[in-house]
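Enquirer: this is a predicted model, with the sequence first.
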There are 2 protein chains.
Amino acid sequence: MVDDRKLAVLRAIVEDYVSTNEPVGSKALADRHNLGVSPATIRNDMAMLEEQGYIAQPHTSAGRVPTDKGYRLFVDRLSQVKPLSSAERKAIESFLAGAVDIDDVVMRTVRLLAQLTRQVAVVQYPTLTHSTVRHVELVPLSERRLMFVLITNTGRVEQRVIEVPDVVDEQRVAHLRAMLNASLDGCGLTSVPDRVADLPERLPAEDRPLAATILSVLLESLVDRHDEKIVFAGAANLAGADFTVGLRDVLEALEEQVVLMRLLGETSDLSALTVRIGSENPYTGLQGTSIVAAGYGSGDKQLARLGVLGPTRMDYPVTMGAVRAVARYVSQILAAS
Amino acid sequence: MVDDRKLAVLRAIVEDYVSTNEPVGSKALADRHNLGVSPATIRNDMAMLEEQGYIAQPHTSAGRVPTDKGYRLFVDRLSQVKPLSSAERKAIESFLAGAVDIDDVVMRTVRLLAQLTRQVAVVQYPTLTHSTVRHVELVPLSERRLMFVLITNTGRVEQRVIEVPDVVDEQRVAHLRAMLNASLDGCGLTSVPDRVADLPERLPAEDRPLAATILSVLLESLVDRHDEKIVFAGAANLAGADFTVGLRDVLEALEEQVVLMRLLGETSDLSALTVRIGSENPYTGLQGTSIVAAGYGSGDKQLARLGVLGPTRMDYPVTMGAVRAVARYVSQILAAS
DNA sequence: ACTTGGCACTCGGGAACACAGAGTGCCAAG
DNA sequence: CTTGGCACTCTGTGTTCCCGAGTGCCAAGT
């Protein structure tokens, strides 16, 4: 019973603090929530909560503020993801429906998420690792130049210009293209190296230099993009919020692909809805911010992750609801294409 | 003589204000620059400059600050673009040299420019309007689905998934692809509609529905991207600066493609190095910011524009130098590919 | 054993105030 | 036209003071 009430107090503190952005005191709590006890009792509970590290006071004789640990408890045990209103669902659906290609999907998603949560949205491009080859194309551009295009089943297109050793022979290129497609069609990107390993051997000697050049570019393009592309939107939403750490650090972190990547989480379970609160996240420049992320992707294979970044003091139930919903819709869209 | 000195005073004010970020007074001017006259004289000049609207005082008994009009005069007549140090040139060159494709070029450019100027860099993707068709590809994805890929001479790739009315027939697709390439190869994007207008007529009746579908997608993809893609980087550099207008407005503007587009300038002369100072720019959310932009592109055809956005109080000679230099290098890189 | 009202205490934030210093405009002399 | 002198006007800063919110603790009540 007693413990139960302390948790109720913690929940009330988090909720009030999130909505007012001011340290919350015992009297205010007693007034706004009907906890059925007096301020004095609440004070006792708060003292214990503070002792256990769930809340803290900015200075003596100020109200209490949740600590990272407090938010963690709140997220884990005291709140439940808030589903979106049907109007919001409608909006998501129609906003995403018009996307024409994978870039467009990602772009729309990130903007949608930013607008929905009024925070910074981050979306990772679908990972190549889990996708398969749809088509390989070789396009002669000029005498000694080829364009190499790789199309995956997720609609992603990788392109490279290749400088070739000899003057391009249309015949040979066509042949090579046919062979490549035969070898690679439907093959997972991770197994591409295996599949093409013996390809030069199967060619007449005079074609091998060309093939080798092309293959090296092909392989390189796979490795190269292993550090995936990430985009963000909604930086303007940071302007209002005040972080414990400078706004500058946050913006800097956002422009670092590597940092973003790690923020979205190296979770073992890609599909999980994960929350990183303040100091839990691996990057020192981002104390005072939390990340809510979820995996998305078609079918049972998770392709990548998306999420939002905002001040630690955020409305977790709502944010989590939005992130989860968007992840689901994007998955749907991708599955359909 | 007299007028000459007033200009020198204005220049000194701009330079001092830019470097100190504090209103500059007559005494400070006399000390720091050897104008050879006394503070009192300078005061007289300043009074006249103020009367003519080139400078203003934030409040009585504070130093003077340049107005937008003052900066304009400074840029037009009192300064000259400062060339980059050779170290900087080296850095630019090596930073841009490693780019693998057009996306990479743009990405590197925008980051480079942001870092170089310590401001927000903005780069427009090379315009399709001036580019020509290199290759059109049609790739069957599934029974009723085609992927359409358009490759331009700037290395840009447009892609669309097409839902087709009938089951795809490899033969027909191949034929159509051949015809498309024959009609369009090397043709400017603007003239694409003309070139394909009569294409359905030249086909057997049973192919026309398919052709029509593909053509409509083709044409749409041209129109669709006419509002070009623009990227920015270096938002973190805004964090330090204080604008007359809220930081939020600036960040919001940066995320609006349309706004960015207009900021880069609808100049008749794409290649010019243009400067928009404070209130001169068309967007009310961006009072207090200036834009320095230049065109870039290979050969004599300007492809697009790039630039930086920063507080009105910026070091124009240096910024202009950096923008011009980067524009030139990017042009070089693009010309070479 | 827990809850509650009372009470003294602490501390941050805002209002009132004074003051130094930078900078100005103007004037009369050079 | 320039210059030094001088009175004046501000802003920004530092100081002081005080109110009020909020706390911790204690003793009394259930």
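Expert: On my side now, so go ahead.
Enquirer: what's the nearest residue to residue A:55 if we skip its chain neighbours?
Expert: Of all residues not flanking residue A:55 in the chain, residue A:64 sits nearest, at 4.3 Å (Cβ to Cβ, 6 or more residues apart in numbering or on different chains). (Each C-beta comes from the backbone N, C-alpha and C, glycine too.)
Enquirer: I figured that neighbour hits residue A:23, correct?
Expert: Yes: assessed by Cβ atoms under 8 Å, residue A:64 is found in contact with residue A:23 at 6.1 Å.
Enquirer: so for those two, which sits in the more crowded spot?
Expert: residue A:64 (27 against 18; other Cβ atoms under 10 Å in any protein chain shown).
Enquirer: so who does that one touch?
Expert: Counting by Cβ atoms under 8 Å, 6 or more residues apart in numbering or on different chains, residue A:64 makes contact with A:13, A:23-25, A:46, A:49-50, A:55-57.
Enquirer: any chance of a ChimeraX selection covering the buried ones in those residues?
Expert: This is the ChimeraX syntax for the buried subset of the contacts of residue A:64, where burial follows 16 or more other Cβ atoms under 10 Å in any protein chain shown:
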select /A:13,23,24,25,46,49,55,56
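Enquirer: so which of the contacts of residue A:64 are in helices?
Expert: A:13, A:46, A:49-50 (DSSP state H).
Enquirer: just the CA atoms of the host helix or strand of residue A:221, as CSV, please.
Expert: Secondary structure assignment for residue A:221, by DSSP states H and E: helix A:208-224. Once non-C-alpha atoms are left out, helix A:208-224 reads as follows in CSV (Å, rounded to 0.1, in the frame of the first residue of the first chain):
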residue,chain,number,x,y,z
ARG,A,208,38.6,-10.1,-67.0
PRO,A,209,40.2,-6.7,-66.5
LEU,A,210,36.9,-5.0,-67.2
ALA,A,211,35.0,-7.5,-65.0
ALA,A,212,37.5,-7.0,-62.2
THR,A,213,37.1,-3.3,-62.3
ILE,A,214,33.4,-3.5,-62.1
LEU,A,215,33.3,-6.1,-59.4
SER,A,216,35.7,-4.0,-57.2
VAL,A,217,33.3,-1.1,-57.5
LEU,A,218,30.3,-3.3,-56.8
LEU,A,219,31.9,-4.7,-53.7
GLU,A,220,33.1,-1.3,-52.6
SER,A,221,29.7,0.2,-52.9
LEU,A,222,28.3,-2.4,-50.6
VAL,A,223,30.9,-1.8,-47.9
ASP,A,224,30.8,1.9,-48.4
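Enquirer: and it, what does it pack onto?
Expert: strand A:145-152, strand A:157-163, helix A:170-184, helix A:192-196 (3 or more Cβ pairs under 8 Å, 6 or more residues apart in numbering or on different chains; DSSP states H and E).
Enquirer: the residue lying closest to residue A:280 once chain neighbours are set aside: neighbour count?
Expert: Residue nearest to residue A:280 in three dimensions, not counting chain neighbours: residue A:68, with 6.6 Å by Cβ to Cβ, 6+ apart. The number of residues packed near residue A:68 is 20, by other Cβ under 10 Å.
Enquirer: again with the one 4 residues further on
Expert: Summarising burial for residue A:72: neighbours were counted as other Cβ under 10 Å, giving 18.
Enquirer: quick check: phi and psi on it?
Expert: Main-chain dihedrals, residue A:72, degrees, to the nearest 10: phi -60, psi -50.
Enquirer: re earlier: and the contacts of residue A:64, which is closest to residue B:210?
Expert: residue A:13 (64.4 Å; Cβ to Cβ).
Enquirer: read off the pLDDT value for the closest one.
Expert: Per-residue pLDDT puts residue A:13 at 96.
Enquirer: any idea how far it lies from residue A:31?
Expert: 13 Å (Cβ to Cβ, to the nearest Å).
Enquirer: cool, and residue A:221?
Expert: 63 Å.
Enquirer: wouldn't residue A:287 be in contact with residue A:278 here?
Expert: Yes: counting by Cβ under 8 Å, residue A:287 touches residue A:278, with 5.9 Å between them.
Enquirer: DNA strand C contacts on the stretch 51-200 of chain A?
Expert: Contacts of the stretch 51-200 of chain A with DNA strand C, taken as Cβ under 7 Å from any atom of the strand, map to A:59-62.
Enquirer: that older thread, who has more neighbours out of residue A:221 and residue A:31?
Expert: Between residue A:221 and residue A:31, counted using other Cβ under 10 Å, residue A:221 has the larger neighbour count: 18 against 11.
Enquirer: list the residues that contact the more buried one.
Expert: Applying Cβ under 8 Å, 6+ apart, the residues near residue A:221 are A:148, A:150, A:158, A:160, B:100.
Enquirer: quick check, nearest of these to DNA strand D?
Expert: residue B:100 (50.5 Å; Cβ to the nearest atom of the strand).
Enquirer: burial of residue A:333, as a residue count?
Expert: By other Cβ under 10 Å, neighbour count at residue A:333 equals 18.
Enquirer: scratch that, residue A:335
Expert: 10.
Enquirer: quick one, which of the helices and strands packed on helix A:208-224 is nearest to residue B:83?
Expert: Of the helices and strands packed on helix A:208-224, nearest to residue B:83 by Cβ to Cβ is strand A:157-163, at 31.5 Å.
Enquirer: mind listing the helices in chain A by residue range?
Expert: A:2-20, A:26-32, A:39-51, A:68-73, A:86-97, A:102-117, A:170-184, A:192-196, A:208-224, A:247-255, A:257-263, A:316-336.
Enquirer: and stretch A:11-19, anywhere near DNA strand C?
Expert: No: judged by Cβ under 7 Å from any atom of the strand, stretch A:11-19 makes no contact with DNA strand C; its nearest approach is 14.5 Å.
Enquirer: residues contacting residue A:286?
Expert: A:245, A:249-250, A:253, A:263, A:309.
Enquirer: next one: it from chain B, what distance?
Expert: 13 Å (Cβ to the nearest Cβ, to the nearest Å).
Enquirer: and that residue, what pLDDT?
Expert: 88.
Enquirer: what do you get for residue A:224?
Expert: 64.
Enquirer: try residue A:31
Expert: Reported pLDDT for residue A:31: 87.
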